[in-house]
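J.: Here is my input; please provide its structure:
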Amino acid sequence: MTAQGSRDYGSILLGSADESSFRQRLRIQTLLTGMIVVANLIGAGVAILLTGVGIPQPSVFQARLWWVNFLVLPVYVGAAFVVGIGLGTVVVVRDLRWAIRGRQPSARDARRTQRAPWRLVAIQGMLWGVATVMFTIMYGVLDPALIPKIFFVVALSGVVVVANSYLLVEFAMRPVLAEVISAGYGRRKRSGVRARSLVSWLAGSAIPITGILLVVLFGVFRDDTDKLDLFIGVTVLAVIALGTGLILTVLSSVSITGPIRSVRSGMKRVQDGDTDVDLVVYDGTELGDLQVGFNGMVTGLRERARLQDLFGRHVGRDVAAAALQRDPELGGSERIVAVVFVDVIGSTTLASRHSPTEVVEILNRFFAVIVAAVEGRHGLVNKFEGDAVLAIFGAPIDLEDPAGAALSAARQIADGLARDVPDLAAGIGVSYGRVVAGNVGAIERFEYTVIGDAVNESARLSELAKRDPARPLASGHAVEAAGPEAARWEQQEATTLRGRTAETVVHAARIADPDDT
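T.: Residues are numbered from 1 along each chain as shown. Predicted coordinates:
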């Protein structure tokens, strides 16, 4: 679902992008027909108002003009409606054949679709152009004084129809234009917003004002034009200018604010943390470029979030956050941390008794228990080493009681493995001391890790803990550095661990202690 829902194309009249192709085609054809009829009715109303009231003299209501007024004019208007709607339907069906058949548009289809609004408008312009020439001649033959009046009235009405038709038709065809744009066929490199503005200015201001000037000229050069006629003519033209200007301004503003609203709505969702936003790009002007740019930006944000999530999963979220805040560099700093090392018992036997797929599934459950316990105490799972895990508490994020967090996590891991992963057991060792924490490797490829005696000590303690997997072992330094958690551990022995020269005081988790989750 897109950001706009039922307003994917900027208006509820155009339906949703999820609508079936049949309903969409029916909706578009209905809108096109209705809007062309409305535009022509507006033009006819302007012509009648100007002819009868706005420019009353010379009058068209003369006895000798009856056959033009009551025979030719109605027949032509009716025929123009039929021809205009019929020819327009043929053009739409031909240019949108790809959409009707439900296939992707080719480059030729895209060009035809982008030009379809202009073809429909050209049909209306042709019909009104023929009417301008034909009625100017007919009325002019019988009364030459009517030539400038008829020419101006019909031409002005035709321009109003063409301007309204252009904006209305372009509005109705947004859904198919959206499909063309989504198929990779961008807009033509011309300013569509400028064209809309010029059309609105031409039909809503320039021509009516020109008409007012012509009425004033008629009044100056015609002796039989009194002040009342001049006042009425100017007033009617001013009202027409206000009316058509308002209509065209509303249509033009809707065509501009629709795409802007969709972008604004999408930006609001992104600000709220939702990057699963894809606007329907339906505008063929620079505003469509704005929608395309927004979608590109959100795609980049989604990709960045996905990469950041993957980065965090691979190296740990705290390490990832620290790396994103500053430029990565090799080397590290001394830190006092607690280290937990977990090593599976009998991994060779496990592999011999289960298929590789089953081994992977068991290990994933094993790792899940460890990750939940470590991250629940703000530690870092630093490495998955085959069937062993190294976790750190106190780097890169400082903790108030890293030793206590590590000891608590070790007990939870032991309980969780016994409960959730009965297929295997593991030795768990906890150590505490000074290490170097930082990025190790080459500038092209490095990883965050800790190096120091505490790491080696925790690994040796995990070997010793394999005697009784239910009881994790910890060094005396770890227990001494811990807070209240130290009470849950008891001293076992003092021994020299393999590979070490100093003696280690070994503590074990108390069996009777309750879970610390």
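J.: and the gap between residue 399 and residue 415?
T.: 22 Å (Cβ to Cβ, to the nearest Å). Quick note: C-beta positions are derived from backbone N, CA and C, even for glycine.
J.: wait, residue 265
T.: Distance from residue 265 to residue 415, by Cβ to Cβ: 49 Å.
J.: Among the two, which residue is more densely surrounded?
T.: residue 415 (20 against 17; other Cβ atoms under 10 Å).
J.: same for the helix or strand harbouring the more buried one, what does it pack against?
T.: If you go by DSSP states H and E, residue 415 is part of helix 402-420. Judged by 3 or more Cβ pairs under 8 Å, 6 or more residues apart in numbering; DSSP states H and E, helix 402-420 is in contact with strand 331-345, helix 356-375, strand 388-393, strand 425-442, helix 476-481, strand 504-509.
J.: Export that helix to CSV, keeping only CA atoms.
T.: Provided in CSV are the C-alpha atoms of helix 402-420 (Å, rounded to 0.1, in the frame of the first residue of the first chain):
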residue,chain,number,x,y,z
PRO,A,402,30.6,-5.2,33.7
ALA,A,403,31.7,-8.1,35.9
GLY,A,404,28.2,-8.4,37.5
ALA,A,405,26.6,-8.3,34.0
ALA,A,406,28.9,-11.0,32.7
LEU,A,407,28.4,-13.3,35.7
SER,A,408,24.6,-12.9,35.5
ALA,A,409,24.6,-13.6,31.7
ALA,A,410,26.7,-16.7,32.3
ARG,A,411,24.2,-18.1,34.7
GLN,A,412,21.3,-17.3,32.3
ILE,A,413,23.1,-19.0,29.4
ALA,A,414,23.6,-22.2,31.5
ASP,A,415,20.0,-22.3,32.4
GLY,A,416,18.8,-21.4,28.9
LEU,A,417,20.9,-24.1,27.2
ALA,A,418,19.7,-26.8,29.6
ARG,A,419,16.1,-25.8,29.0
ASP,A,420,16.1,-24.8,25.2
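J.: For residue 117, grab the count of nearby residues.
T.: Residue 117 has 23 nearby residues by other Cβ under 10 Å.
J.: Just checking the distance from the helix or strand harbouring it to the centre of its chain.
T.: Assessed by DSSP H and E, residue 117 sits inside helix 107-142. A distance of 39 Å separates the centroid of the chain from that of helix 107-142, by Cα atoms, centre = their mean, to the nearest Å.
J.: Ok, stretch 469-482 next?
T.: That offset, for stretch 469-482, works out to 52 Å (Cα atoms, centre = their mean).
J.: mean confidence for that stretch?
T.: When pLDDT is averaged over stretch 469-482, the result is 93.
J.: Contacts for that stretch next, please.
T.: Stretch 469-482 is contacted from outside by 338, 345, 401-404, 406-407, 410-411, 413-414, 417-418, 425-433, 457-458, 461-462, 464-465, 486, 489, 491-492, 504-509, 511, using Cβ atoms under 8 Å, 6 or more residues apart in numbering.
J.: In that stretch, which residues are buried?
T.: Going by neighbour count (16 or more other Cβ atoms under 10 Å), the buried part of stretch 469-482 is 469, 471, 472, 473, 474, 475, 476, 477, 478, 479, 481, 482.
J.: which stretches of the stretch 151-300 of the chain have low pLDDT?
T.: Of all residues in the stretch 151-300 of the chain, those with pLDDT under 70 make up the ranges 182-212, 214-234, 236-237, 240-241, 243-245, 247-248, 251-252, 254-255, 279-289.
J.: before we move on, back to that, separate out the buried members of the contacts of stretch 469-482.
T.: By 16+ other Cβ under 10 Å, these give 338, 345, 401-404, 406-407, 410-411, 413-414, 417, 425-433, 457-458, 461-462, 464-465, 486, 489, 504-509 as buried.
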